[in-house]
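Chemist: Pasting the sequence and the predicted model now:
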Amino acid sequence: MTDPLNSESAAQQTNAVHSLHQLLPAMSEQLIGLDTLCQRLLIALLCGGHILIEGPPGVAKTRTIKEFAQRLNTQFVRIQATPDLLPADITGSDIYHQPSGEFRFVHGPVFNNIVLVDEINRAPPKVQSALLEAMAEHQVSMGGTTRKLEEPFMVAATQNPIEHEGTYPLPEAQLDRFMFFVQLKLPDLHNERLILDQVLSETQSDSTSSKGPPCIASAIDVLSARQEVEKVFISDAVRDYIVRLTGATRGKGMGGVASGEIEHAASPRTSINLALAGRARAWLMRRDFVTPDDVAELATDILCGRIVLDYRARAAGLSERDIIQRILNDTPRV
Ligand SMILES: Nc1ncnc2c1ncn2[C@@H]1O[C@H](COP(=O)(O)OP(=O)(O)OP(=O)(O)O)[C@@H](O)[C@H]1O
Ligand SMILES: [Mg+2]
């Protein structure tokens, strides 16, 4: 006889697979040229990771994350970081409740599923470190009490690469907490026109309906999918490839090929993220094993914020992405 509980969870998982596989095609219909960002968001959510998006204003960063949260029917909040933000503005705090004469905890915006922190580098260091604990531990500690955040939990932070005045650049340790570093560029003329058509057609239909995009999956689907992703197989050959890539950012004698150009090399968290994200990518491709191509395709967005270039490389006009591309070309996949 089949166990009803088991068959119920199997049905839930089939449902999750079906719904989440529909998410990316649905989003790409409305968000022009942002397929990679949408895929990275989903992979990060499936792995319990976080994402840092760098890009100029007006390239649909807010819209993409908001739509992603709406399609997944998850709780979404947007925080605008400013220099006068306090840690309690993010985590919440104990507030005096007069009728009972007690202090009661009022939950801050971090107690949501998808937290968009706009211009994170404008937040002062104490706020950044409060976020860090939430991101790393998926919990908030205050006044001796630790409160778990509800899963799925993901921070999507943005920063503007052209503004440096009045900002507090994220320290290396904080950057390492992000799974992905996605860089958005201005669209080309073809996409610019598609965006214009898209937004104009929406403003027309908005006057008749003001509903957001229909939801496709749920937070429960994400949690079921996470269990599936964890089962995806990573062979020894792929693990060795991951280690070769991370090692290639380190000095000579540690597998390094780019020594002299990289001042700070990638940490073991890089290898872990490459493996976790590789599994989620394989699952999205409906495979139950990771290939070296999964890892290579994700490597730039995972490695990018984790290495710091030497001043000579900068003077030569090289970027982190250039160096990573060279590492990818030079590192044998098998
Ligand atoms: N690739 C795109 N696809 C669809 N719409 C887009 C795209 N790029 C820009 N838009 C439109 O441009 C407008 C601005 O988007 P949004 O507010 O999300 O930008 P942003 O990157 O968050 O900007 P800011 O950095 O100023 O907060 C929205 O109306 C959005 O629909
Ligand atoms: Mg925005």
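Modeler: Here it is on my side, so go on. Ligands and ions are numbered 1, 2, ... in the order given.

Chemist: ok, what's across the strand from A156?
Modeler: Counting by DSSP bridges, A156 is bridged to I51, L116.

Chemist: Contact distance from ligand 1 - what residues of the protein qualify?
Modeler: Residues of the chain lying close to ligand 1 (C-beta under 6 Å from any ligand atom) are 31-34, 57-63, 187, 195, 198-199. Bear in mind the C-beta positions are built from the backbone N, C-alpha and C, glycine included.

Chemist: What ranges does the stretch 51-200 of the chain have for its helices?
Modeler: Assignment of helices within the stretch 51-200 of the chain using DSSP state H, counting those that start in this stretch yields the ranges 61-71, 87-91, 125-137, 172-175, 189-206.

Chemist: what does the fourth one contact?
Modeler: Read that as helix 172-175. Here helix 172-175 makes contact (C-beta atoms under 8 Å, 6 or more residues apart in numbering) with 52, 128-129, 132, 181, 264, 305-306, 308.

Chemist: go again using 10 Å as the cut-off
Modeler: Here helix 172-175 makes contact (C-beta atoms under 10 Å, 6 or more residues apart in numbering) with 52, 120, 125, 128-129, 131-132, 135-136, 157, 169, 181, 264, 267, 304-308.

Chemist: Then the second one?
Modeler: Outside helix 87-91, the residues within contact range by C-beta under 10 Å, 6+ apart are 79, 81-82, 93-95, 105-111, 115, 117, 123-124, 126-131, 133-134, 140-142, 147.

Chemist: change it to 7 Å
Modeler: 79, 108-110, 126-127, 130-131, 140, 142 (C-beta atoms under 7 Å, 6 or more residues apart in numbering).

Chemist: in that helix, what's buried?
Modeler: Across helix 87-91, burial judged by 16 or more other C-beta atoms under 10 Å covers 87, 89-91.

Chemist: circling back: mean pLDDT for the helices of the stretch 51-200 of the chain: which is lowest?
Modeler: Looking over the helices of the stretch 51-200 of the chain, mean pLDDT reaches its minimum on helix 172-175, with a mean of 79.

Chemist: returning to what we had before: separate out the buried members of the residues of the chain next to ligand 1.
Modeler: Neighbour counting with 16+ other C-beta under 10 Å marks 31-34, 59-62, 187, 195 as buried within the residues of the chain next to ligand 1.

Chemist: Can you flag which of those residues belong to strands?
Modeler: Using DSSP state E, no member of these falls in strands.

Chemist: could I get those as TSV with distance to G212?
Modeler: TSV is the format used below for these (distance: C-beta to C-beta, whole Å):
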residue	distance to G212
L31	14
I32	18
G33	21
L34	17
V59	20
A60	15
K61	17
T62	13
P187	23
I195	19
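
Chemist: Nearest to ligand 1 within the stretch 151-300 of the chain, name that residue for me.
Modeler: Residue of the stretch 151-300 of the chain nearest ligand 1, by C-beta to the nearest ligand atom: I195 (4.4 Å).

Chemist: give me every residue that touches that residue.
Modeler: Residues counted as contacts of I195 (C-beta under 7 Å, 6+ apart) are 32, 187.

Chemist: 6 Å - rerun?
Modeler: Contacts here follow C-beta atoms under 6 Å, 6 or more residues apart in numbering; on that basis I195 touches I32.

Chemist: Point out where this protein drops to low pLDDT.
Modeler: Within the chain, the ranges that satisfy pLDDT under 70 run 1-13, 163-165, 205-211, 251-259.

Chemist: Outline the domain layout of it.
Modeler: Domain assignment for the chain by automatic domain parsing gives 4-206, 231-330.

Chemist: one step back: and the two most separated of the residues of the chain next to ligand 1?
Modeler: P57 and Q198 (18.3 Å; C-beta to C-beta).

Chemist: my read: I242 touches L274, true?
Modeler: Yes: taking contacts as C-beta atoms under 6 Å, I242 lies within contact range of L274: 4.7 Å.

Chemist: Overlap of the contact sets of the two?
Modeler: Counting by C-beta under 6 Å, 6+ apart, the residues touching both I242 and L274 are V295.

Chemist: okay, those two: which has more neighbours?
Modeler: A count of neighbours by other C-beta atoms under 10 Å puts L274 above the other of I242 and L274, at 28 against 21.

Chemist: neighbours around P169, how many?
Modeler: The burial count for P169: 11, using other C-beta under 10 Å.

Chemist: how near is the closest residue to R122 other than its chain neighbours to V115?
Modeler: Distances taken as C-beta to C-beta, 6 or more residues apart in numbering place A81 nearest to R122, at 4.5 Å, with adjacent residues excluded. A81 sits 11 Å away from V115, taking C-beta to C-beta, to the nearest Å as the criterion.

Chemist: Can you pick out the residue with more neighbours from those two?
Modeler: Legend: neighbour count by other C-beta under 10 Å for A81 and V115, higher for V115 (27 against 23).

Chemist: List the residues that contact the residue lying closest to that one once chain neighbours are set aside.
Modeler: Among residues not flanking V115 along the chain, V155 sits closest, at 5.0 Å (C-beta to C-beta, 6+ apart). Going by C-beta under 6 Å, 6+ apart, V155 touches 50, 115, 135.
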